[in-house]
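S.K.: fold the following, please.
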Amino acid sequence: MSSLVLRHSSSTSPMFRIRLFHSTTTPMSRLCILIRRSSSSTSPPSDSWSPQAAFAAATERARAGTLSPEDAHNLFDELLGQATPVHSRSLNAFLAALAHAPAYDDHRSGPSLVVTLFNRVCREEAGPLVAPLTVHTYGILMDCCCRAHRADLGLAFFGRFLRTGLRLNRIFGNTLLKCLCYAKWTDDAVDVLLRKMSELGCAPDVISYNTVLKRLCEDSRSQEALNLLYMMAKAGCACSPNVVTYSTVIHGYFREGEIGKACNLFHEMVQQGVVPDVVTYNSVIDALCKARAMDKAELVIRQMVDNGVQPDKVTYNCMIHGYSTSGQWKEATRMVREMKTRGIIPNTVTCNSFMTSLCQHRRSKEAAEVFDSMTVKGHKPDIVSYSILLHGYANEGCLADMINLFNSMKDNGILADCHVFSILIGAYAKCGMMDEAMLTFTEMRGQGVSPNVFTYSTLIAALCRMGRLADAMDKFNEMIAVGIQPNNVVYHSLIQGFCMHADLVKAKELVTEMVSKGIPRPNIVFFTSVINSLCKEGRVMDAHDILDFVIHIGERPNVITFSSLIDGYGLVGKMDNALRVFDAMVSAGVEPNEVTYNTLVNGYFRNGMVEAGLTLFKEMSCKGVNPTTVTYGIILDGLYHAGRTVDAKKMFDEMIVTGIAVSISIYRIILSGLCRNNCVSEAIALFHKLDAMNVKSDIRIINTMISAMHKVQRKEEAKDLFAAISANGLVPNAYTYGVMIINLLKDGAVEDANNMFLSMEKSGIVPSSRLINGIIRKLLEKGEIAKAGEYLCKVDGKSISLEASTTSLMLSLFSRKGKYQEDMKLLPAKYQFFDKFG
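M.R.: The predicted structure follows:
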């Protein structure tokens, strides 16, 4: 028997055509992924062997999942060795059971084995071992080819079927459509659906339409799928659209980003009386979550529950992931609680999404609790789980926790991959612990894990930041030697490193190398960032060299580039140079904007050149550049710092007249300026006026006013203002507590000050070294030695250290002739040495 090969007609006609060609080889044999067993090696079967009984028993074992591939081959060895053909019904039942056998986890082995076994009994040399095949047999074989991802062979079976003269039925027609769709012959599938099936006497049903609809949507042809859906609705009866039909097209629209059309079809579905199932709802919710339309997703999930469809694990995973990626970790937490309330146990996917959200908000402690709960509930954390928590620890600088978690991976059978090692290397590099980073890099390679471009870029960037450019270049050359091509991130790190360390020759070499490799060179935004960084460090001459370098390599500086350099010169007090850069900017054809003028005006005021600043301010309007709120803020702040409160008031009046919006920052500048110039009563009056106008203050204004009220002995007003902070929707910060504590200590209210300090710690605010020193000095001045000793215990020499003024005060109080020399024993032991000084 010669086998048949299917070839797709190259004709442009939409009609589906099949051409049959004789072939001397069996095309299905290419699908055989299991080794065929030779029938010549088996002994002849006994005369009592019954094919029907043997196949019936094997069918039951296949359904139960206890039939191995070896057992299946043994059965066909028996069949090949005897003369009684097996009935097609027995063969069909066996093949169908084997194709869906639960023992084969990869979902391909069963279907592939079916085709392999069928080939064995259909070879010419095997003889007539099977009764005439039926349409059902061919349907099983074609379906197996689809499931084995070999739809082309399924169509070959269809060609063979046509030669038999058997009549098609609807089930076989649907399998043919499935083959065409799997082979991505979408137009042919549409043609068979709409014309050929009816011509061949097997009218399509809703399954037929749904099969083709799915393929159209996968081809991003959802609008055509919708037209087909409307054709179904018009045909009615067996072809009426069902929940699968609508869900398929809705999902297709979501995949194409047509959220509006998808939602409209969802509502239309409900209006047509088709009840959405959990799959439909999940598709809608998932798409809305990915679009970060969480409010709409919430509405859909509530509608889902109201309609009697219970959310499942997929529903909540979508919601948790949506809230997590939107940065709404509190809402993600609420979803986890709701999920548990409904008796749905979060799986690994749920926990990973939730941990990601917590870690993004620097809540790795809570993420660790979720991680630990996974094991308790029987969900083993995977490599993704470990990576998420490791990254969370790394971002928060919790290196000890990070290393402990990393070490636990091996104990739990999880092998670290490149991503995990890159997280560790990045964490060490971020903390400047380059020796540990390099050791981890070596350990990584020792374990057979190859670093990727991200790993190298992390190391190189850190080495460049630390000025270890020779080491950075060594790693750069090493990555090229092992076949990893540097990307623009690597080149940017190196170029920035050489620019920051004044080696512009090497920077130029790297820029040239980038261009020769087809990698776009750094743009002006990159170089402006470098210039800005140098200016902030006071290295304005180096920054100017970078500007010249940028022009030399053909980049055009923009207004931000020039403004950054102008600001740099202003910071170091070289306003003549700043003005020359301004003139060069104009000569280069770059028009100064309000940012440029603001920068130059700010430089003048910062350096006490008030009149020059005011003159430039007046020139702005003549040059067609209108002052902004920021401009007036700079001038007001400069005038108050110069003690020119009257001029500041005139400038504010001018601002009102010109219609410039007055922001809260302007009021903050005015109130602070008045207090700085001893106009506290006027500041308090303005503050109350703003409150009457319902102008919402920020915590910085509150801090200024509390400090000012204490300064003029209006202490009760200060206390009332502090007490009202929460009612005004604000949260006290470290400065707020510091002002209150120091002033309470000045008044001798030591216990109240201590309670205020405890309240600050309870709210999660870490006291600064400056505040601790201020408290210690005030307590010592008040003679509260024991209480001062309690605060001295907080001095750890790291985040909190003794200031020179505190040490000097202690020396004067506890030396041999000091006022409190005898009370030194009340201090912590390590401070009981001042009596050795005269």
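
S.K.: state the pLDDT value of residue 325.
M.R.: For residue 325, the pLDDT comes out at 80.

S.K.: now do residue 104
M.R.: Residue 104 is assigned 58 on the pLDDT scale.

S.K.: same check on the one 3 residues further on?
M.R.: As predicted, residue 107 sits at a pLDDT of 52.

S.K.: now for the helix or strand where residue 162 lies, which elements pack on it?
M.R.: Using DSSP states H and E, residue 162 sits in helix 151-164. Here helix 151-164 touches strand 3-8, strand 18-23, helix 135-147, helix 170-182, going by 3 or more CB pairs under 8 Å, 6 or more residues apart in numbering; DSSP states H and E. In short, each C-beta sits where N, CA and C put it, glycine included.

S.K.: quick check: residue 637 touching residue 673?
M.R.: Yes: at 6.9 Å, residue 637 counts as touching residue 673 under the criterion of CB atoms under 8 Å.

S.K.: list the buried residues for the strand or helix carrying residue 579?
M.R.: Using DSSP H and E, residue 579 falls within helix 575-587. The neighbour-count check on helix 575-587 (16 or more other CB atoms under 10 Å) flags 575, 577, 578, 579, 581, 582, 585 as buried.

S.K.: redo those residues as a markdown table? Include distance to residue 530.
M.R.: Formatted as a markdown table, these follow (distance: CB to CB, whole Å):
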| residue | distance to residue 530 |
| --- | --- |
| 575 | 23 |
| 577 | 19 |
| 578 | 19 |
| 579 | 23 |
| 581 | 16 |
| 582 | 21 |
| 585 | 18 |
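
S.K.: list just the nearest of those to residue 564.
M.R.: residue 581 (9.8 Å; CB to CB).

S.K.: quick one: contacts for the closest one?
M.R.: Residue 581 sits next to 544, 562, 565, 566, 569 when contact means CB atoms under 8 Å, 6 or more residues apart in numbering.

S.K.: now these as CSV including secondary structure, neighbour count and distance to residue 370?
M.R.: As requested, the contacts of residue 581 are exported to CSV (DSSP: H, G, I helix; E, B strand; the rest coil; neighbours: other CB atoms under 10 Å; distance: CB to CB, whole Å):
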residue, secondary structure, neighbour count, distance to residue 370
544, helix, 18, 52
562, helix, 24, 50
565, helix, 28, 49
566, helix, 28, 50
569, helix, 25, 52
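
S.K.: and which of the residues you listed is nearest to residue 733?
M.R.: Using CB to CB, the contacts of residue 581 come closest to residue 733 at residue 566, 32.9 Å.

S.K.: so who does that closest one touch?
M.R.: Contacts here follow CB under 8 Å, 6+ apart; on that basis residue 566 touches 578, 581, 582, 585, 596, 599, 600, 603.

S.K.: and the furthest pair within the residues you listed?
M.R.: Across these (CB to CB), the longest gap, 14.2 Å, separates 585 and 603.

S.K.: all helices for the stretch 601-750 of the chain, in order.
M.R.: 610-622, 629-641, 645-657, 664-676, 680-692, 699-711, 715-723, 734-746, 750-762 (DSSP state H, counting those that start in this stretch).

S.K.: and of the ones you listed, who's closest to residue 513?
M.R.: Taking CB to CB, helix 629-641 is the member of the helices of the stretch 601-750 of the chain nearest to residue 513, at 41.2 Å.

S.K.: quick check: buried residues in that closest one?
M.R.: Neighbour-count burial for helix 629-641 flags 630, 631, 632, 633, 634, 635, 636, 637, 638, 639, 640, 641 (criterion: 16+ other CB under 10 Å).

S.K.: check which helices and strands that helix sits against.
M.R.: helix 594-606, helix 610-622, helix 645-657, helix 664-676.

S.K.: how about a markdown table for those helices, with mean pLDDT, mean neighbour count and distance to residue 763 added?
M.R.: Below are the helices and strands packed on helix 629-641 laid out as a markdown table (pLDDT from 0 to 100; neighbours: other CB atoms under 10 Å; distance: least, CB to CB, whole Å):
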| stretch | mean pLDDT | mean neighbour count | distance to residue 763 |
| --- | --- | --- | --- |
| helix 594-606 | 95 | 22 | 35 |
| helix 610-622 | 92 | 15 | 41 |
| helix 645-657 | 94 | 15 | 36 |
| helix 664-676 | 95 | 20 | 23 |
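
S.K.: tabulate those in JSON lines, adding columns for distance to residue 744.
M.R.: Shown next, in JSON lines, are these (distance: least, CB to CB, whole Å):
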{"stretch": "helix 594-606", "distance to residue 744": "35"}
{"stretch": "helix 610-622", "distance to residue 744": "39"}
{"stretch": "helix 645-657", "distance to residue 744": "31"}
{"stretch": "helix 664-676", "distance to residue 744": "20"}
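
S.K.: show me where the stretch 701-838 of the chain dips below the pLDDT cut-off.
M.R.: Scanning the stretch 701-838 of the chain for pLDDT under 70 picks out the ranges 838.

S.K.: can you do 80?
M.R.: Along the stretch 701-838 of the chain, segments meeting pLDDT under 80 span 796-799, 816-818, 834-838.

S.K.: any idea how far the nearest residue to residue 612 once chain neighbours are set aside is from residue 531?
M.R.: Nearest residue to residue 612, sequence neighbours excluded (CB to CB, 6 or more residues apart in numbering): residue 604, at 4.6 Å. Relative to residue 531, residue 604 is positioned 21 Å away (CB to CB, to the nearest Å).

S.K.: what of residue 670?
M.R.: Distance, residue 670 to residue 531, by CB to CB: 33 Å.

S.K.: residue 86 too?
M.R.: Residue 86 sits 84 Å away from residue 531, going by CB to CB.

S.K.: next: residue 423.
M.R.: Using CB to CB, residue 423 is found at 32 Å from residue 531.

S.K.: ok, those two, which is more surrounded?
M.R.: Set residue 423 next to residue 531 and count neighbours by other CB atoms under 10 Å: residue 531 wins out with 31 against 26.

S.K.: what does the helix or strand harbouring the more buried one contact?
M.R.: Assigned by DSSP H and E, residue 531 belongs to helix 524-536. The set of residues external to helix 524-536 that reach it, using CB under 8 Å, 6+ apart, is 492, 495-496, 499-500, 540, 542-543, 546-547, 549-550, 555-558, 560-561, 564-565, 567-568, 571.

S.K.: next: stretch 372-379.
M.R.: Contacts with stretch 372-379, where a contact means CB under 8 Å, 6+ apart, come from 345, 346, 347, 348, 351, 380, 381, 385.

S.K.: buried residues, that stretch. List them.
M.R.: Using 16+ other CB under 10 Å as the test for burial, stretch 372-379 gives 374, 379.

S.K.: which residues in the stretch 301-450 of the chain form strands?
M.R.: In the stretch 301-450 of the chain, no segments count as strands under DSSP state E, counting those that start in this stretch.

S.K.: mind listing the helices in it by residue range?
M.R.: Under the criterion DSSP H, counting those that start in this stretch, helices of the stretch 301-450 of the chain are mapped to 313-325, 329-341, 348-360, 364-376, 383-396, 399-411, 418-430, 434-446.

S.K.: tabulate those (JSON lines), appending distance to residue 178.
M.R.: Below are the helices of the stretch 301-450 of the chain laid out as JSON lines (distance: least, CB to CB, whole Å):
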{"stretch": "helix 313-325", "distance to residue 178": "25"}
{"stretch": "helix 329-341", "distance to residue 178": "36"}
{"stretch": "helix 348-360", "distance to residue 178": "29"}
{"stretch": "helix 364-376", "distance to residue 178": "39"}
{"stretch": "helix 383-396", "distance to residue 178": "34"}
{"stretch": "helix 399-411", "distance to residue 178": "43"}
{"stretch": "helix 418-430", "distance to residue 178": "38"}
{"stretch": "helix 434-446", "distance to residue 178": "47"}
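
S.K.: and residue 707, which of those is closest to it?
M.R.: Here helix 383-396 is closest among the helices of the stretch 301-450 of the chain (CB to CB), at 32.8 Å.

S.K.: quick check: mean pLDDT across that closest one?
M.R.: Average pLDDT, helix 383-396: 93.

S.K.: done for today, thanks.
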